[in-house]
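# model the structure of this input:
(one chain, ligands or ions: 6)
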Amino acid sequence: MAMIPGPSPTGASKFEVKSTLSRQRVSIFESELSSHGSSAGFEATPAPDLSIAQPSITVMQCRLCSCTFTESGPRMPKILPNCMHTICAQCARELTDQRCPLDHNQIPLRYTTKDFPDNFMLIQHIQAMNVLEGKDKLCDVCDEEDADVSTHFCVDCKQYLCEIHFSAHVRSKTSKTHQVLTVNDYASRFHPSDHGCLERNHVSPLFCQVSGHESQRSDFFCELCEQVICTTCALMDHRDHVFGDIEDVYQRQKSELHEKINFSKETRTNIANSLSNVNSVLQSLEANFESASCDADELMESIVQKLFERKFFLMSQLKEIYDEKRSVLLSQRRLLSDALVRIDTSHSFCRELLETTDHQRALDMKRMVRLSLEEIPKLVAHRDLSPSMDDVVVFKRLNESKIIEDLETLGRVSKERPQEKACIPRWDQSRRGQDVMLSNGDSTVYRTDHRGWGGVQGKQVISSGQYRMRISIDSVGNNTFVGICYNDANLNEGPSKRNILLRENGEIWHHGEKVGTCEGFKTADVLELVIDVDEQKFQIFRDGKVLCTVEVLTWPVRPFVVVGSRHSYITIVP
Ligand SMILES: [Zn+2]
Ligand SMILES: [Zn+2]
Ligand SMILES: [Zn+2]
Ligand SMILES: [Zn+2]
Ligand SMILES: [Zn+2]
Ligand SMILES: [Zn+2]
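Ligands and ions are numbered 1, 2, ... in the order given. Down below sits the predicted model:
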């Protein structure tokens, strides 16, 4: 199995090969998976990706600490059981709870941080990279602190060996049959002429984990114990178990795994749909909040505006009355004070006149003085003696409590169900059964043959909210059904477990069973399909009257019609 598929960089320099290699996609079952548009790479993308196809890019760094993965030691790539995220061994050891830090998935309790499996594919990739980079490899057998530079590589042990350990290795009973290459020969396997690929036969064999079997290759797989075992194990402990040759079991497992991946794709599609629905509901919630706040603000502003207008009106009325009364009082005051001055002046002159000794001249003025004194009572008219208007300006608080009470009921905030949405007014070209034809911009469906069943799904996938779709029965033949179905419904089937249908003769079919009858429909009818996820029901109306109501518990669904004969024409009315 080629681990790093890709175009051949023949003739390229070492550096170019290296960079091409590091960018290659690496997946477990490379060709099968990519041809089915899915992935099983080392890392899933961090943000939820709505598209089904995901490229599996080799990520050479730990997503938690950003260290570059190494083929051994604390920066070795480890797989988190359950979600299959890859992080470095150091980060794995530092996990505080049994959860993946990237997606919060629970890690099964039977795993401890020490026994998370190695990401062997990534390790092999790193090994190939290291060879291509021509780094001096230290002996894997020497003490770590002062290891010698290696001169050889044992393909069987997958170990670099220094001169001393190489001699020991080829002399030892257990390893003298091993295939040992010089480091240069080993490196040449990854030379550009070798297509930059790590071939299957370069991958070190796995040895039996049972103590005493360390030198035995695990060539079998025990299906009961789900582990790889050696020949001795197969003949002893696993004698009565079902086991098989690694390659045979692998090929079988591969197709089983493949089926499981395909099976879980539906779940992924549903979750991705739900996620996109949650996102769009979230978006419309934000938009609603925005416009509701604006409405409330506008209402309050208009009330405040009215209050100011009223205030201005009352204040100006108040001012008008005040000004009017004030000017009257001011002129009365002037009149009275002028009169007082006039009287006081006359009186003081007269008193002086009474004191004078010049009686002759005094008498000479008698006529003028008499007239002046006689004028005094006429100075102020009787009505001017009392304040011209003794009323006061009053502001009366009217309707205060009523208006405050009304203000408390001004506006109302509530949760409301959104309006029904109209379905996309098209049938889905890619989801139609045998002999089913579409016309009118995919809005009309009909059959060219009437043998067997043939249906078509609507474009709209419904997993939240309420949807409405109007269809016109242009012409109806025998075995015409309208309703809804699940995403994966068989398109060459009549009433079945994967759909809910109303037949032209009024039969109501639910999950392959006839659950009731109603009036049915005929040529020239216009039917309204109402699909309500919140209320978990599906209804068909004609002329505003309900024909049938069916409870729906599984989502998403799609509009669906089965045209059972060549005489049926059904068109979606936008
Ligand atoms: Zn994870
Ligand atoms: Zn890390
Ligand atoms: Zn050594
Ligand atoms: Zn060896
Ligand atoms: Zn077994
Ligand atoms: Zn064994």
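
# C-alpha only now, for contacts and for neighbours.
Noted.

# for this structure, which segments are assigned as helices?
14-23, 30-35, 89-93, 120-133, 163-171, 183-188, 231-235, 246-355, 359-364, 366-375, 400-408 (DSSP state H).

# among these, which is nearest ligand 2?
Ligand 2 sits nearest to helix 89-93 of all the helices of the chain, at 4.3 Å, using CA to the ion.

# what does the closest one rub up against?
Contacts with helix 89-93, where a contact means CA atoms under 8 Å, 6 or more residues apart in numbering, come from L64, C65, G73, P74, R75, M76, P77, K78, T113, K114, F116.

# try 7 Å
P74, R75, M76, P77, K78, T113, K114 (CA atoms under 7 Å, 6 or more residues apart in numbering).

# among those residues, which are in reach of ligand 2?
When the contacts of helix 89-93 are checked against ligand 2 using CA under 5 Å from the ion, none falls in range.

# for PyMOL, write the select line for the buried members of those.
Buried subset of the contacts of helix 89-93, written as a PyMOL selection, criterion 16 or more other CA atoms under 10 Å:
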select buried, resi 75+76+77+78+113
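
# which single one of the contacts of helix 89-93 is nearest to ligand 1?
Distance to ligand 1, by CA to the ion, is smallest for K78 among the contacts of helix 89-93, at 11.4 Å.

# residue contacts, the closest one?
Per CA under 7 Å, 6+ apart, neighbours of K78: T86, I87, C88, A89, F116, P117, D118, N119.

# can you redo these as a markdown table with neighbour count and pLDDT?
A markdown table is the format used below for these (neighbours: other CA atoms under 10 Å; pLDDT from 0 to 100):
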| residue | neighbour count | pLDDT |
| --- | --- | --- |
| T86 | 30 | 93 |
| I87 | 29 | 92 |
| C88 | 26 | 91 |
| A89 | 24 | 88 |
| F116 | 18 | 88 |
| P117 | 16 | 87 |
| D118 | 19 | 86 |
| N119 | 20 | 89 |
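
# ok, of the residues you listed, which one's closest to ligand 2?
C88 (4.1 Å).

# how close does the residue of the stretch 301-450 of the chain found nearest ligand 2 get to H152?
Per CA to the ion, S430 is where the stretch 301-450 of the chain lies closest to ligand 2, at 44.7 Å. S430 sits 58 Å away from H152, going by CA to CA, to the nearest Å.

# then V394?
111 Å.

# low-confidence stretches in the stretch 51-200 of the chain?
Residue ranges of the stretch 51-200 of the chain with pLDDT under 70: 51-58, 72-73, 131, 134, 158, 188-200.

# picking that back up, the helices of the chain: which one's closest to ligand 5?
Short answer: helix 231-235, nearest of these by CA to the ion, at 7.7 Å.

# circling back: so which of the helices of the chain comes closest to V445?
Nearest to V445, of all the helices of the chain, is helix 246-355, at 26.1 Å by CA to CA.

# and the closest one, what does it pack onto?
Secondary-structure packing of helix 246-355 (3 or more CA pairs under 7 Å, 6 or more residues apart in numbering; DSSP states H and E): strand 220-222.

# now the strand it packs on: average pLDDT?
Averaged over strand 220-222, pLDDT sits at 91.

# which neighbours in the sheet does that strand have, and how are they oriented?
strand 227-229 (antiparallel), strand 243-245 (antiparallel) (DSSP bridges).

# number of residues surrounding the residue in the stretch 101-250 of the chain positioned nearest to ligand 2?
Relative to ligand 2, the nearest point of the stretch 101-250 of the chain is P101 (11.1 Å; CA to the ion). As a burial measure, P101 scores 18 neighbours (other CA atoms under 10 Å).

# can you check V328 too?
Neighbour count of V328, defined by other CA under 10 Å: 14.

# and the nearest residue to it once chain neighbours are set aside, how far is that from S337?
Nearest non-adjacent residue to V328, counting by CA to CA, 6 or more residues apart in numbering: S388, 7.1 Å away. Between S388 and S337 the distance, using CA to CA, works out to 15 Å.

# quick revisit: how about the helices of the chain in CSV, adding distance to L527?
Shown next, in CSV, are the helices of the chain (distance: least, CA to CA, whole Å):
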stretch, distance to L527
helix 14-23, 55
helix 30-35, 42
helix 89-93, 59
helix 120-133, 57
helix 163-171, 83
helix 183-188, 73
helix 231-235, 67
helix 246-355, 27
helix 359-364, 122
helix 366-375, 105
helix 400-408, 46
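
# of all those, which one comes closest to ligand 6?
Using CA to the ion, the helices of the chain put helix 231-235 closest to ligand 6, at 4.3 Å.

# in that closest one, what's buried?
For helix 231-235, a neighbour-count test (16+ other CA under 10 Å) marks T232, C233, A234 as buried.

# ok, stretch 374-386 next?
Buried-residue list, stretch 374-386, by 16+ other CA under 10 Å: L379, V380.

# how close does V436 get to L353?
Distance of V436 to L353, given as CA to CA: 134 Å.

# of those two, who's got more company?
More neighbours surround V436 than the other of V436 and L353, with 24 against 18 (other CA under 10 Å).

# is it true that the more buried one touches T444?
No: the pair V436 / T444 is not scored as a contact, 10.4 Å apart, by CA atoms under 7 Å.

# picking up where we left off before, neighbour count winner among S430 and H152?
Of the pair S430 and H152, H152 is the one with more neighbours under other CA under 10 Å, namely 23 against 9.

# just checking, that one touches Q159?
No: H152 is not in contact with Q159 according to CA under 7 Å; the separation is 8.5 Å.

# bridging residues for I473?
I570.

# what about it, how many residues nearby?
22.

# who's in contact with it?
T523, A524, D525, V526, Y569, I570, T571 are the contacts of I473 under CA under 7 Å, 6+ apart.

# highest neighbour count among these?
I570 (25 neighbours).

# next, the contact list for that one, please.
So I570 contacts T444, V445, Y446, I471, S472, I473, D474, S475 (CA under 7 Å, 6+ apart).

# among the residues you listed, which are in reach of ligand 3?
By CA under 5 Å from the ion, no member of the contacts of I570 lies near ligand 3.

# what about the residue nearest to T86 when sequence neighbours are not counted, neighbour count?
Once flanking residues are discounted, T86 sits nearest to I79: 4.5 Å by CA to CA, 6+ apart. Each residue near I79 was counted by other CA under 10 Å, and the total is 21.

# you'd agree I79 is up against I107?
No: checked against CA under 7 Å, the pair I79 and I107 is beyond contact range at 10.8 Å.
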